[in-house]
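Peer 1: The following block contains a protein sequence and its predicted model.
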Amino acid sequence: MESILQFISTNQQIIYIVILMIFVGIEVIGRVPSVLHTPLMSGANAIHGVVVIGAIIVMGKAATDNYTALILGFLAVVLGTINVVGGFVVTDRMLEMFKKKK
């Protein structure tokens, strides 16, 4: 418990910034019209390829006994990959709507 309180007190400004980013993100996404939501989200999901590459680099540079970095890196790779694939699937479905029917 002491270590958790010490971590919070040393990283208090970063925690405030993350909480503020969450609220700003919710407000920005909430104000996007539904017509633009699908193309914007599919593009944003595709950007998560950067997250996948960054997580792979972090996992490669982490010490073998640093299980926290390895687990978080693995989760970032899995979730980022799911997000990238989902973004491409949504984009593909969206583009199918504009193809001419035979």
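Peer 2: Everything's here; your move. Numbers count the residues shown, from 1 in each chain.
Peer 1: make it CA atoms for all contacts and neighbour counts henceforth
Peer 2: Noted.
Peer 1: In this structure, where is pLDDT below threshold?
Peer 2: Along the chain, the parts satisfying pLDDT under 70 run over 34-35, 37-39, 41-43, 46.
Peer 1: got the domain boundaries for this protein?
Peer 2: The record's domain parsing of the chain by automatic domain parsing lists 1-31, 34-102.
Peer 1: most tightly surrounded among these?
Peer 2: domain 34-102 (a mean of 15; mean count of other C-alpha atoms under 10 Å).
Peer 1: Off-centre distance for that one?
Peer 2: Here domain 34-102 is found 7 Å from its chain centre; the criterion is C-alpha atoms, centre = their mean, to the nearest Å.
Peer 1: for this structure, what spans make up the helices?
Peer 2: Under the criterion DSSP state H, helices of the chain are mapped to 2-10, 12-30, 34-47, 49-61, 67-96.
Peer 1: Turn the ones you listed into CSV, columns for distance to residue 102.
Peer 2: Shown next, in CSV, are the helices of the chain (distance: least, C-alpha to C-alpha, whole Å):
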stretch, distance to residue 102
helix 2-10, 61
helix 12-30, 37
helix 34-47, 25
helix 49-61, 35
helix 67-96, 13
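Peer 1: Could you tell me the phi and psi values at residue 99?
Peer 2: In terms of degrees, to the nearest 10, the main-chain angles of residue 99 are phi -80, psi 150.
Peer 1: how much space between residue 99 and residue 92?
Peer 2: Distance of residue 99 to residue 92, computed by C-alpha to C-alpha, to the nearest Å: 11 Å.
Peer 1: ok, residue 11 to residue 80 distance?
Peer 2: Separation of residue 11 from residue 80 (C-alpha to C-alpha) stands at 26 Å.
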